[in-house]
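Novice: what would the 3D arrangement of this be:
(chains A, B, C and D)
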Number of protein chains: 2
Amino acid sequence: MIFSTELLKGTLKTIVLKMLSDTDRMYGYEITQRVKELTGDKIQITEGALYPTLHALEKDGLVTTQIEYLGKRQRKYYLISKAGKGAAKERVNEFTEFAQTIATLLDIKTNMA
Amino acid sequence: MIFSTELLKGTLKTIVLKMLSDTDRMYGYEITQRVKELTGDKIQITEGALYPTLHALEKDGLVTTQIEYLGKRQRKYYLISKAGKGAAKERVNEFTEFAQTIATLLDIKTNMA
DNA sequence: TACTATGCATTGATTTCTTATGTATATTTG
DNA sequence: CAAATATACATAAGAAATCAATGCATAGTA
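Specialist: Below is the predicted model:
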């Protein structure tokens, strides 16, 4: 991860909710790989951070799960719920506003939509 | 603070270094008020977060301090060091890149400079 | 005189994430 | 075919950053 990990804090749930909002369903390992791919290896989600987050989202009713098997190997799919979709939108909006606010503070020229 | 506080994590040092880079010197309370003012009350730095941060910056040689008195009231000024200026620039650049990366992930249209 | 603002600071608890570890199957490569 | 790597789940101990609360003290205001 090229970013000082501090910055990443607080964005993980937002990222996961957004990923799941844009697809039918995803499994944990798939999320880590997709994020890595989409960010050109800049963001690497660790499993120790991801799984507790997924479990928390499930507990809060923002995602549901389906377990399937490929041969003997287990795979646990996560699906966004209706509440989860709402939460995803809220969080994306919040991040957008947050980034703009910080950018202003830091004198970064921005035109974020 | 309107932002879920999670997001703020990791940006505090960057904000403080930038504030100090843009001024001769500032004291703690002044920083909290200035950030509040510049963000339209959206970001409120708490003292429990600020002072440990300032002390850490001092310990790392990124800021120096001057104590003055207004009558009997103590005021502790923080000044950016040369190393601090460099760190500020690095961190601002890092935040910019980070925000762009996340924005891409979240499908936020952005044109950040 | 009481409340609010200014100004420093610490402490305990909480949240979030990292690093390390554990278990197991599947695939690729020398 | 053995060893290494990739896939796939997960937990646990600890670190790091922040919050909420508290404490002390002076200054100004209602």
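Novice: quick one, strands of chain A?
Specialist: Assigned by DSSP state E, chain A shows strands spanning A:26-27, A:63-70, A:73-80.
Novice: name every strand pairing with the shortest one and say which way it goes.
Specialist: Taking DSSP bridges as the criterion, strand A:26-27 pairs within the sheet with strand A:73-80 (antiparallel).
Novice: for the partner strand, buried residues please.
Specialist: Neighbour counts using 16 or more other C-beta atoms under 10 Å in any protein chain shown place A:77-78, A:80 of strand A:73-80 among the buried residues. (Each C-beta comes from the backbone N, C-alpha and C, glycine too.)
Novice: can you redo those residues as JSON lines with pLDDT?
Specialist: Listed next are the buried residues of strand A:73-80 as JSON lines, based on pLDDT from 0 to 100:
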{"residue": "A:Tyr77", "pLDDT": "97"}
{"residue": "A:Tyr78", "pLDDT": "98"}
{"residue": "A:Ile80", "pLDDT": "97"}
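Novice: any low-confidence regions in chain A?
Specialist: Within chain A, the stretches with pLDDT under 70 are A:1-6, A:108-113.
Novice: relative to DNA strand C, which residue of it is the closest?
Specialist: When distances are taken as C-beta to the nearest atom of the strand, chain A reaches nearest to DNA strand C at A:Gly48, 2.0 Å away.
Novice: mind checking the longest helix of chain A?
Specialist: Longest helix of chain A, by residue count under DSSP state H: helix A:82-105.
Novice: are that one and DNA strand C in contact anywhere?
Specialist: No. For helix A:82-105 and DNA strand C, the contact criterion (C-beta under 7 Å from any atom of the strand) is not met; the two come no nearer than 11.3 Å.
Novice: wait, does that helix contact chain B?
Specialist: Yes. Using C-beta under 8 Å from any C-beta of the partner chain, we find that helix A:82-105 touches chain B at A:91-92, A:94-99, A:101-105.
Novice: which among the residues you listed count as buried?
Specialist: A:91-92, A:94-96, A:98-99, A:101-103, A:105.
Novice: which one of the residues you listed is nearest to A:Ile43?
Specialist: Taking C-beta to C-beta as the measure, A:Ile43 sits nearest to A:Phe95 out of these, at 13.8 Å.
Novice: and that closest one, what does it touch?
Specialist: A:11, A:14, B:7, B:102, B:106, B:108 (C-beta atoms under 8 Å, 6 or more residues apart in numbering or on different chains).
Novice: buried subset of those, written for ChimeraX?
Specialist: The ChimeraX selection below is limited to those of the contacts of A:Phe95 classed as buried (16+ other C-beta under 10 Å):
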select /A:11,14 /B:7,102,106,108
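Novice: that older thread, could I get the strands of chain A in TSV, plus columns for distance to B:Thr53?
Specialist: TSV is the format used below for the strands of chain A (distance: least, C-beta to C-beta, whole Å):
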stretch	distance to B:Thr53
strand A:26-27	37
strand A:63-70	35
strand A:73-80	36
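Novice: can you list these in a markdown table and add distance to DNA strand D?
Specialist: Below are these laid out as a markdown table (distance: least, C-beta to the nearest atom of the strand, whole Å):
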| stretch | distance to DNA strand D |
| --- | --- |
| strand A:26-27 | 3 |
| strand A:63-70 | 6 |
| strand A:73-80 | 4 |
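Novice: what is the burial count for the residue nearest to A:Ile45 when sequence neighbours are not counted?
Specialist: In space, A:Ile45 comes closest to A:Thr32 once its chain neighbours are excluded; the distance is 4.7 Å by C-beta to C-beta, 6 or more residues apart in numbering or on different chains. Here the number of neighbours of A:Thr32 (other C-beta atoms under 10 Å in any protein chain shown) works out to 17.
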